[in-house]
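# Next come a sequence and a model predicted from it.
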Amino acid sequence: MSKPLSIIFLVLSCLSLVCIMAFSESNLKAALGWAIIGSVIALGFSITGLAQSYKAKSIQKTMSVIGVVWSSICVILIFVLSNDPLASSGWGLFSMAYAIPYAIVLLVKGKVQNSLDTSQNGNLAKIKELHELYKSGALTEEEFTKKKTELL
């Protein structure tokens, strides 16, 4: 998932959590509304994360599957228990309890992946330089293979 999308997800999840907690004492219907909003957002982002990582084995795919299942359960229970706004709000809190760490993992994973991509691109350029040196005769095949293996 892209960094801006992960940040939006994290901000909306935190906002939902804060609003659910703030309104649970004074305005249960508002808390219920934020529980619905937060859980539907978590479900939407989990589906998006799953769609983006569908063919790859990754932490994003695993967490997205868990997020889809967990958020779906929470959304269903929020609506089933809507006559009891306090219970519904509690399920909204449970949904946010997964959504916030999930968003943080996506942000961290994105940073790690970007640094790996940068590192790999730098190594690729070095291998190309070494290949040019090998083709020009400045490096033997053995030296080229050794350096290439070190970079990979």
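Yep, it's here. Residues are numbered from 1 along each chain as shown.

# going forward, measure contacts and count neighbours with C-alpha atoms only.
OK.

# Give the rounded mean pLDDT of the strand or helix carrying K148.
In this assignment (DSSP states H and E), K148 forms part of helix 141-151. Mean pLDDT, helix 141-151: 81.

# ok, and what's touching it?
Helix 141-151 is contacted from outside by N123, I127, L130, H131, Y134, using Cα atoms under 8 Å, 6 or more residues apart in numbering.

# closest to L107 among those?
N123 (24.6 Å; Cα to Cα).

# where's the closest one relative to L130, distance?
In this view, N123 and L130 are 10 Å apart by Cα to Cα, to the nearest Å.

# residues of stretch 57-76 that come out buried?
60-61, 63-68, 70-72, 74-75 (16 or more other Cα atoms under 10 Å).

# Return the residues in contact with P85.
Taking Cα under 8 Å, 6+ apart as the test, what P85 contacts is L28, K29, A31, L32.

# name the element the last one belongs to?
Right, L32. Per DSSP H and E: helix 28-52 holds L32.

# Compute the mean per-residue pLDDT across that helix, please.
Rounded mean pLDDT across helix 28-52 is 90.

# downstream neighbour of it in the secondary structure list?
helix 59-80.

# Against which helices or strands is that following helix packed?
helix 28-52, helix 85-136 (3 or more Cα pairs under 8 Å, 6 or more residues apart in numbering; DSSP states H and E).

# do you know which of those helices lies nearest L152?
helix 85-136 (7.4 Å).

# now for the helices and strands packed on helix 59-80, which one comes closest to P4?
Nearest of these (Cα to Cα): helix 85-136, 9.0 Å.

# The closest one relative to helix 141-151, how many degrees between them?
170 degrees (axes from the mean of the first three to the mean of the last three Cα atoms, to 10 degrees).

# if I look at the most centrally placed residue in the chain, how far off is V11?
Nearest residue to the geometric centre of the chain (Cα atoms, centre = their mean): L106, 2.6 Å. Counting by Cα to Cα, the separation of L106 from V11 is 13 Å.
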